[in-house]
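In: no FASTA, just this:
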Ligand code: SF4
Ligand code: SF4
């Protein structure tokens, strides 16, 4: 046996009281270490390389030779240890070889119903945003072509999703109604299920409309940024008035009569707003949203809205405090509705071994008002080149090239990162906004992300050991985006 070394990017150790657990990064698997494996990890952790005589010296007389060999072989199979020379030469092959991309199993299509919005949120990233009346509206024909393109690319799925996005999607309600009618008939004829999803600013909701959405079982997310002072800082009307009062009233009306699916809330955190606990307490505790998720802005076009480095530290500290409450609730069998933590638990639990950060470009595509095909909703109206058009079809070579570039981690910072199978280089749109290139990983807050995922692995381990039934009861398959 040549010298072996620990492959640090492949493992994460977690102590839960007296138990030592190993989180295996490539598979997101969790193993409890016995005395021998625990001591072997300690030996490898304490020095750069370990030779056969060193192993014998350490374990002879205390563990059987067969057990030592078995444990070592298991570690090698898991690529927790590997030949020291290979690791030094970066040839230990800890990542899956990228394969050519030939299939696009689309199950989610995002329709940009209108580039217009009736609000004028100061931080809005949409490059083509305008008022509803001046906005470009998607035609029914384009929407139908989009749905048909999805079916053509992946005809044999059981479940499809149609997402309505904007601007403000409800500012093109006639299109939404027509598309829902079309899809319900079309997918029923294929004996497939279709679900509808929408993120809205809530201002155009009324009781009749809510009942219609309920009837068609929309998955709804409301954009709201917290208590009045925080919400009104940025979420304003075209005339400059804060919208908190109207959004709160509409949200309460929605929450009081909507029962088809849980209603979530999406919070945008911008400069000066870092108190995630106060925001969560208001939206979850006082208003009653089922789930609240936070989107910190770090690379928006208007840099004065981006959170500073110190603010990002505060945000993650607050998220960890909320995460501890989530953990306590989970140990008690309850899902506390903290979206970011729940998504992290879902990712770890499903052992996604994510090679890509999200479904954009593979399971999900977004169509702009003119029929242009984009990676996801955040790219519609941007300068990023399109991947075809719904009337002409998907530009598969261009899309394959993009996805293959992101799949290949060679010589990127992600290659040996311990959270590479959860972060996968981060959101394409963040990279595009930050570097003007969606193929580059978004490196700008990696240390904070690693710390957040480490925190998540520890919380996950505790839930697995103390109340594993939580996952069965509360974790459903991950959404595409
Ligand atoms: S972007 Fe940063 S945190 Fe994410 S996988 Fe790459 S190196 Fe790791
Ligand atoms: S993570 Fe980024 S690229 Fe992926 S769907 Fe969301 S916004 Fe788009």
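Out: Noted; the coordinates are in hand. From a predicted model like this one, the values you see are computed outputs, not experimental measurements. Numbering: from 1, shown residues only. Ligands and ions are numbered 1, 2, ... in the order given.
In: what parts of the chain come near ligand 1?
Out: Residues of the chain found near ligand 1 (C-beta under 6 Å from any ligand atom) are 413-414, 417, 419-420, 423, 425-426, 441-443, 446, 449-450. Every residue, glycine included, has its C-beta placed from N, CA and C.
In: out of these, name the ones that lie in helices.
Out: Among those, the ones falling in helices (DSSP state H) are 420, 423, 446, 449, 450.
In: from the residues of the chain next to ligand 1, which are also near ligand 2?
Out: Counting by C-beta under 6 Å from any ligand atom, no member of the residues of the chain next to ligand 1 is near ligand 2.
In: do stretch 109-116 and ligand 2 meet?
Out: No - contact of stretch 109-116 with ligand 2 (C-beta under 6 Å from any ligand atom) is absent, the minimum separation being 8.6 Å.
In: the helices in the stretch 1-150 of the chain, which residues?
Out: 35-46, 52-59, 65-77, 84-88, 140-153 (DSSP state H, counting those that start in this stretch).
In: what packs against the third one?
Out: In this structure, helix 65-77 makes packing contacts with helix 35-46, helix 52-59, strand 81-83, judged by 3 or more C-beta pairs under 8 Å, 6 or more residues apart in numbering; DSSP states H and E.
In: may I see the buried residues of the first one?
Out: Think helix 35-46. Residues of helix 35-46 classed as buried by neighbour count (16 or more other C-beta atoms under 10 Å): 36, 37, 39, 40, 41, 43, 44.
In: got the residues of the stretch 301-450 of the chain near ligand 2?
Out: 357, 358, 360, 375, 376, 378, 427, 428, 429.
In: verify the contact between residue 385 and residue 401 for me.
Out: No - contact criterion C-beta atoms under 8 Å: residue 385 and residue 401 do not qualify, at 11.0 Å.
In: residue 425 contacts residue 408, correct?
Out: No - under the criterion of C-beta under 8 Å, residue 425 makes no contact with residue 408, lying 10.4 Å away.
In: quick one, which of these two is more surrounded?
Out: residue 425 (25 against 15; other C-beta atoms under 10 Å).
In: what's the closest non-adjacent residue to the more buried one?
Out: Among residues not flanking residue 425 along the chain, residue 441 sits closest, at 3.3 Å (C-beta to C-beta, 6 or more residues apart in numbering).
In: now that neighbour: how far from residue 408?
Out: Between residue 441 and residue 408 the distance is 11 Å, computed by C-beta to C-beta, to the nearest Å.
In: now do residue 31
Out: 29 Å.
In: count the neighbours of the closest residue in space to residue 238 that isn't next to it in sequence for me.
Out: Nearest residue to residue 238 in three dimensions, chain neighbours excluded: residue 120, at 4.6 Å (C-beta to C-beta, 6+ apart). Look at residue 120: counted by other C-beta under 10 Å, it has 18 neighbours.
In: okay, and residue 197 sits in which element?
Out: strand 193-200 (DSSP states H and E).
In: which helices and strands does the helix or strand following that strand pack with?
Out: Counting by DSSP H and E, the next helix or strand C-terminal to strand 193-200 is helix 207-215. Here helix 207-215 touches helix 244-257, going by 3+ C-beta pairs under 8 Å, 6+ apart.
In: list the buried residues for the helix it packs on?
Out: 244, 247, 248, 250, 251, 254, 255.
In: show the average pLDDT along the helix or strand just after it.
Out: Per DSSP H and E, the first helix or strand lying C-terminal to helix 244-257 is strand 264-269. Mean pLDDT, strand 264-269: 96.
In: what packs against strand 264-269?
Out: Applying 3+ C-beta pairs under 8 Å, 6+ apart, one finds that strand 264-269 contacts strand 219-223, helix 276-280, strand 291-296.
In: which outside residues touch the second one?
Out: Contacts with helix 276-280, where a contact means C-beta atoms under 8 Å, 6 or more residues apart in numbering, come from 225-227, 230, 267, 269, 273, 292, 294, 315, 318-319, 321-322, 338.
In: now, those residues that are in strands?
Out: Members of the contacts of helix 276-280 lying in strands (criterion: DSSP state E): 267, 269, 292, 294.
In: the third one against residue 339, yeah?
Out: Yes - using C-beta under 8 Å, residue 292 is in contact with residue 339, at 5.8 Å.
In: mutual contacts of these two, please.
Out: Contacts common to residue 292 and residue 339, judged by C-beta under 8 Å, 6+ apart, are residue 264.
In: which of these two has more neighbours?
Out: Higher neighbour count among residue 292 and residue 339: residue 292, with 27 against 22, using other C-beta under 10 Å.
In: quick one: the helix ranked longest in the chain to strand 291-296, angle?
Out: Secondary structure of the chain per DSSP H: the longest helix is helix 309-331. Counting by axes from the mean of the first three to the mean of the last three C-alpha atoms, to 10 degrees, helix 309-331 points 160 degrees away from the direction of strand 291-296.
In: buried residues in helix 309-331?
Out: For helix 309-331, by 16+ other C-beta under 10 Å, it's 311-313, 315-316, 318-320, 322-323, 326-327, 330.
In: same question, stretch 448-456
Out: Of the residues in stretch 448-456, those buried (16+ other C-beta under 10 Å) are 448, 449, 450, 451, 452, 453, 455, 456.
In: quick one: distance of it to the chain centre.
Out: 14 Å (C-alpha atoms, centre = their mean, to the nearest Å).
In: ok, now stretch 137-152?
Out: 26 Å.
In: same check, this time on stretch 222-230
Out: Per C-alpha atoms, centre = their mean, the centroid offset for stretch 222-230 relative to its chain is 22 Å.
In: cool, stretch 373-383 as well?
Out: 17 Å.
In: and it, average pLDDT?
Out: 94.
In: again, but for stretch 310-318
Out: Rounded mean pLDDT across stretch 310-318 is 97.
In: from the buried residues of helix 244-257, which single one is nearest residue 196?
Out: Taking C-beta to C-beta as the measure, residue 254 is the one of the buried residues of helix 244-257 closest to residue 196, at 15.4 Å.
In: quick one: contacts for the closest one?
Out: 202, 205, 210, 220, 222, 263.
In: my guess is the second one contacts residue 168, does it?
Out: No - under the criterion of C-beta under 8 Å, residue 205 is not in contact with residue 168, lying 10.9 Å apart.
In: list the contacts for residue 74?
Out: Taking C-beta under 8 Å, 6+ apart as the definition, contacts of residue 74 comprise residue 37.
In: and if you look at the one 5 residues further on?
Out: Listed by C-beta under 8 Å, 6+ apart, the contact set of residue 79 reads 7, 10, 26, 92, 93, 94.
In: in space, what's closest to the second one - neighbours in sequence excluded?
Out: Put plainly, it is residue 10. Leaving aside its chain neighbours, residue 10 sits nearest to residue 25 (4.9 Å; criterion: C-beta to C-beta, 6+ apart).
In: pull the number of nearby residues for the one you found.
Out: There are 26 residues near residue 25, going by other C-beta under 10 Å.
In: many thanks, have a good one.
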